[in-house]
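In: sequence and computational prediction follow.
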Amino acid sequence: MRSWRVPSQSRPGVEYTVSVDDGGVWSCTCPHYTYRHTICKHIVMVQTELSAPKPKYVVPPMVRGGVIEDRDYRRRFVERALEANTLAVLPTALGKTVIAELEAAELIHRYPGCRILFMTPFQYVWYNRCSWTNRCWEGV
C-alpha cells in the first residue's frame, strides 16, 4: 500500500491521506470520499502528479543541478557549437542564451582560465542574464 498526505484546499492546516492498495483501489480520508465512496479531487491530484512526466535536468560541469531542464535540441546545439562555429536560429524563449551559457560552462571546464564574452544590445537582457547566471553557475 502506498499513501500520500494532501492538504485541504478549503480548510487551512487540514491534511487528508490518499492511498492506493496493491490491487489498485484508491481511497481518501476526506469527507467527500468517506460519505460518497467516489473519486475525490485529492485522489485526482495524486494521480495527476504521478502521471505527469518528470523533467530531466542538465548536469554539465559548473552548472548547479536541478536548474536547467534537459532538452535534446539544446544538447545537440551545444555539441555542434563545441566542434565548430554555430549559429542558433530559434524562436524567442527557446533557450539560445542557455545554449551559449552551457557551451561557455563546458569551455571553461575544458580550458581553465579561458574567458567568455557575452554581448547583448539591450541592458535589461544583460541584467536578466547576470541574475540567471548567478543562480545557475557554481562558483560565480
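Out: Perfect, I can see it now.
In: helices of this structure, residue ranges please.
Out: Using DSSP state H, the helices of the chain run over 31-36, 41-51, 72-83, 96-110, 123-136.
In: next, work out how far apart the residue of the chain most remote from its centre and Cys28 are.
Out: In the chain, the greatest distance from the average C-alpha position (CA atoms, centre = their mean) is reached by Tyr35, at 38.3 Å. Distance of Tyr35 to Cys28, computed by CB to CB, to the nearest Å: 11 Å. Just so you know, the C-beta spots here come from the backbone N, C-alpha and C atoms, and that holds for glycine as well.
In: OK, contacts around Ser8?
Out: By CB atoms under 8 Å, 6 or more residues apart in numbering, Ser8 lies in contact with Val14, Glu15, Tyr16, Cys30.
In: looking at those residues, which one is closest to Phe118?
Out: Ranked by distance to Phe118 (CB to CB), the contacts of Ser8 are led by Glu15 at 46.5 Å.
In: what residues go with each domain of this protein?
Out: Annotated domains of the chain cover 2-51, 72-136 [automatic domain parsing].
In: mind telling me which of those domains the model trusts least?
Out: Mean pLDDT per stretch puts domain 72-136 lowest among those, at a mean of 80.
In: what's the offset of it from the middle of its chain?
Out: On the basis of CA atoms, centre = their mean, to the nearest Å, domain 72-136 sits 18 Å off its chain's mean C-alpha point.
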